[in-house]
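S.K.: turn this into a structure:
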Amino acid sequence: MSVRVDASRLLIYKAAMLKDAGKPFIKDAAQAKLYASEAATWCSHQAIQVLGGMGYVSDMPAERFYRDARITEIYEGTSEI
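M.R.: Residues are numbered from 1 along each chain as shown. Alright, predicted model coming up:
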């Protein structure tokens, strides 16, 4: 999980650095959004797997994290391009 989170963070930082420098950043921002949203879904799914049946209980934060991560793949542009 840590590798995916760190890779997502670096892609986001790269896109932000390019924007701050006034360079073209659209492709990098799209790549960061795609990878970060898929990494968030994967990581939250793994958290639910670790928790077993308790991961689906609405009292657990993992269930909300999974719902939030799934919507990032749809909101602001789909990941299926």
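S.K.: name the nearest residue to Phe25, sequence neighbours excluded.
M.R.: Spatial nearest neighbour of Phe25, chain neighbours left out: Leu18 (3.8 Å); criterion: CB to CB, 6 or more residues apart in numbering. Quick note: C-beta positions are derived from backbone N, CA and C, even for glycine.
S.K.: distance of Leu11 relative to Asp28?
M.R.: In this view, Leu11 and Asp28 are 7 Å apart by CB to CB, to the nearest Å.
S.K.: and the longest helix along the chain, what's buried?
M.R.: Longest helix of the chain, by residue count under DSSP state H: helix 26-51. Residues of helix 26-51 classed as buried by neighbour count (16 or more other CB atoms under 10 Å): 28-29, 32-41, 43-45, 47-48.
S.K.: centre of the chain to it, how far?
M.R.: 3 Å (CA atoms, centre = their mean, to the nearest Å).
S.K.: show me what that helix is packed against.
M.R.: In terms of contacts (3 or more CB pairs under 8 Å, 6 or more residues apart in numbering; DSSP states H and E), helix 26-51 is packed against helix 2-20, helix 61-74.
S.K.: so which of those is the most packed in?
M.R.: helix 61-74 (a mean of 15; mean count of other CB atoms under 10 Å).
S.K.: relative to its centre, which residue of the chain is most distant?
M.R.: Most distant residue from the mean C-alpha position of the chain: Gly22, 25.1 Å away (CA atoms, centre = their mean).
S.K.: can you classify it as helix, strand or coil?
M.R.: coil (DSSP: H, G, I helix; E, B strand; the rest coil).
S.K.: returning to that earlier point: now tabulate the helices and strands packed on helix 26-51 in CSV and tack on distance to Met54.
M.R.: Listed next are these as CSV, based on distance: least, CB to CB, whole Å:
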stretch, distance to Met54
helix 2-20, 23
helix 61-74, 8
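S.K.: let me have those helices in CSV, extended by mean pLDDT and distance to Gly53.
M.R.: Converted to CSV, these look like this (pLDDT from 0 to 100; distance: least, CB to CB, whole Å):
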stretch, mean pLDDT, distance to Gly53
helix 2-20, 97, 25
helix 61-74, 83, 11
